[in-house]
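# next one to model:
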Amino acid sequence: MTVWHRPLPAPDAPACARLLAGGWLRFTHVEVLERGRAPQVVPADTLDPVTLTRLSAARAAIAGLTWDVPRLMGILNVTPDSFSDGGRFDTPGAARAQVEAMQRADILDIGGESTRPGAVPVSAQDEMARILPVIGSLPDAVLSVDTRKAAVAARAVSAGAAMVNDVSAGTYDDAMLSTVADLGVPLCLMHAKGVPETMQDDPQYGDVLFDVLDALADRIAAAEAAGIPRDRLMVDPGIGFGKTLDHNLALLRRIGAFHDLGVPVLLGASRKRFIGTLGQEQQADRRMPGTLAVTLAAVAQGIQIHRVHDVAEVAQGLMLWRAVAA
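Numbering: from 1, shown residues only. Purely as a prediction, here's the structure:
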């Protein structure tokens, strides 16, 4: 049975304490998590050296980004039907204008197929027709392509994208992992239970935290077997992708456990439905305050990259958080 470990950041930790994933937090204790057993908190220096190194070692840079500070991934959907901003940025001119508003993003994630709950797939040709003109119009930006299709990933990287963000973790298209290996670019593996059309139809888990951790560990192994080095991988627990409100909260409360996978962790919670439910806001584009709250809670657990719509507002919040926490 797999045992997982969640480093517990300590604001008053001494300078000799271990850095969490080589980042901006230090920890002296770890929560040990095992199915069917109550969590146990133990001193970090009682862990075996391999585990302790996995939790504390600096992560390799991805798409030129180091992980000594939290990073922002700006969302640029060039789709007619995304849940929050469908149809707003689906021309190169509108996309460039939105990029101007997201100047403080470290990387931009370009998507041409909505994966909101209930969305239906589009063809690779339609997806490429949406994203390639936009990618070509942004030669100076660091770009990620948000796609489940190997052919789209290959064309996007050829056009200038620096990494691939696959919400299916390479399970939608059997050619995705080998294609990314051949492309030599980084890949984000996201957990999703089911497909967008049906993923919110009563999703069930034995224990959502363990189930998602185990699933992502399997996908990392599959990616490595396909020829993608671990230092080109990151993971995303997939908030809202086949998860109920309670599932999302359980993952967020212990999101620091995903550091035990040994790769950078991406959080994509921006404007999600659970924020609207808890924050009593039905209109998705008015959920920035809730998004910022979730982001800061994850930053306090050392999560490295945050995929958000409201880049300027979240960047300001991060600056203030860092100033107060310094």
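# distance check, residue 71 against residue 129.
Noted for residue 71: a distance of 30 Å to residue 129, by Cβ to Cβ, to the nearest Å. For glycine as for every other residue, the C-beta is placed from the backbone atoms N, C-alpha and C.
# neighbour count for these two, which is higher?
Applying other Cβ atoms under 10 Å to residue 71 and residue 129 shows that residue 71 carries more neighbours, namely 21 against 13.
# who's that one bridged to?
Using DSSP bridges, the bridge partners assigned to residue 71 are residue 305.
# how far away is it from residue 214?
Remark: distance between residue 71 and residue 214 (Cβ to Cβ) = 26 Å.
# pLDDT score for residue 258?
We have a pLDDT of 98 for residue 258.
# can you tell me the closest non-neighbouring residue to it?
Nearest-residue entry for residue 258: residue 265, 4.6 Å, with adjacent residues in sequence omitted and distances by Cβ to Cβ, 6 or more residues apart in numbering.
# burial measure for that neighbour, as a count.
By other Cβ under 10 Å, neighbour count at residue 265 equals 26.
# with residue 69 instead?
When neighbours are defined as other Cβ under 10 Å, residue 69 has 13 of them.
# which pLDDT value goes with it?
96.
# and the closest residue to it other than its chain neighbours, how far is that from residue 39?
Nearest non-adjacent residue to residue 69, counting by Cβ to Cβ, 6+ apart: residue 24, 6.0 Å away. Counting by Cβ to Cβ, the gap between residue 24 and residue 39 amounts to 24 Å.
# these two - which one has more neighbours?
Each of residue 24 and residue 39 had its neighbours counted (other Cβ under 10 Å), and the higher figure belongs to residue 24 (18 against 12).
# can you classify that one by secondary structure?
Remark: residue 24 carries the secondary structure label coil [criterion: DSSP: H, G, I helix; E, B strand; the rest coil].
# again with residue 196
Secondary structure of residue 196, per three-state DSSP, is coil.
# correct me if wrong: it contacts residue 122.
No - using Cβ atoms under 8 Å, residue 196 is not in contact with residue 122; the gap is 11.1 Å.
# mind listing the shared neighbours of the two?
Residues touching both residue 196 and residue 122 do not exist when contact is defined as Cβ atoms under 8 Å, 6 or more residues apart in numbering.
# which stretches of the stretch 101-250 of the chain have low pLDDT?
Along the stretch 101-250 of the chain, the model assigns pLDDT under 70 to no residue.
# where exactly do the helices run in this protein?
Ranges of helices in the chain, per DSSP state H, are 49-56, 92-101, 124-136, 150-159, 176-183, 208-225, 245-253, 273-279, 288-299, 311-325.
# could you dump these to CSV with distance to residue 5?
Shown next, in CSV, are the helices of the chain (distance: least, Cβ to Cβ, whole Å):
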stretch, distance to residue 5
helix 49-56, 6
helix 92-101, 39
helix 124-136, 38
helix 150-159, 32
helix 176-183, 27
helix 208-225, 10
helix 245-253, 15
helix 273-279, 26
helix 288-299, 17
helix 311-325, 23
